[in-house]
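# Please work out how this folds:
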Amino acid sequence: MATDPFPQRLPTLDRLGVTDPFNVSSFEIATEWLHTFSAAIAQNDTSAVSDLFLKDGFWKDVIALTWDLRTFEGRKDIKKLLDACFIATGLNELCLLQEPLKEPVLQKVCDDLVWLRFCFGFRTKHGKGTAVVYLVPLPDSKWKAYSMLTCLDSLTDFPHKVGPLRNDCIGLEENQREETEFESFFSSDSLIVCSPFFLFFVLSY
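Purely as a prediction, here's the structure:
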């Protein structure tokens, strides 16, 4: 019977062997981790990238790298993901996001569970995406990723038709066409021939 090599365990402070990291700069920690991550990506160093995760960390991908919904668990599988998909997808232009709800923030989930969540934008050969990272502290004052989600938001050749890309004339033309068809239908003689109930109604009136 197969067993899970990484039985699910939350990265609690007790398990990590650290105390509550309350007096830290979320922005500086996120910036430093992302800088190291970006440098490893630029050098195609998949081993260095996977080493930025906990031994039993996760990389969850939604279309961005795998064109599928996949979860990779553990450094070994994360490295396999990068070895297989990195060159083909061309992950690049990583940028820390700082708008509300995406900026780096230290979150205390419970007394013994604390992580630093931040988001960054990125590009691939096929489009633009967003990543969400959850870092946890280690005894050597370093922070590693417990989980990261990469999600493709839009395709380069097929951008969302919103804002300045929206063609309002299409909707207007469609409405005008439907109105013309409606008026033509109710003004035609064929309505009486095809609709005996309507004819009965008209004669009764």
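
# looking just at contacts, which helices and strands does the biggest strand by length in the chain meet?
Of all the segments of type strand in the chain, defined by DSSP state E, the longest one is strand 143-155. The contact analysis (3 or more CB pairs under 8 Å, 6 or more residues apart in numbering; DSSP states H and E) places strand 143-155 against helix 26-42, strand 53-62, strand 113-123, strand 127-137. (Each C-beta comes from the backbone N, C-alpha and C, glycine too.)

# Where does pLDDT dip in this protein?
Scanning the chain for pLDDT under 70 picks out 1-7, 159-176, 178-179, 181-205.

# switch the cut-off to 80
Within the chain, the stretches with pLDDT under 80 are 1-8, 157-205.

# Give me the most central residue, it.
Nearest to the geometric centre of the chain sits Cys151, at 2.7 Å (CA atoms, centre = their mean).

# doesn't Leu65 make contact with it?
No. Using CB atoms under 8 Å, Cys151 is not in contact with Leu65; the gap is 10.1 Å.

# Return every residue with contacts to both of the two.
Counting by CB atoms under 8 Å, 6 or more residues apart in numbering, no residue touches both Cys151 and Leu65.

# still on that earlier bit, make TSV out of the helices and strands packed on strand 143-155 and add mean neighbour count and distance to Ala88.
Below are these laid out as TSV (neighbours: other CB atoms under 10 Å; distance: least, CB to CB, whole Å):
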stretch	mean neighbour count	distance to Ala88
helix 26-42	17	14
strand 53-62	19	13
strand 113-123	20	14
strand 127-137	21	14
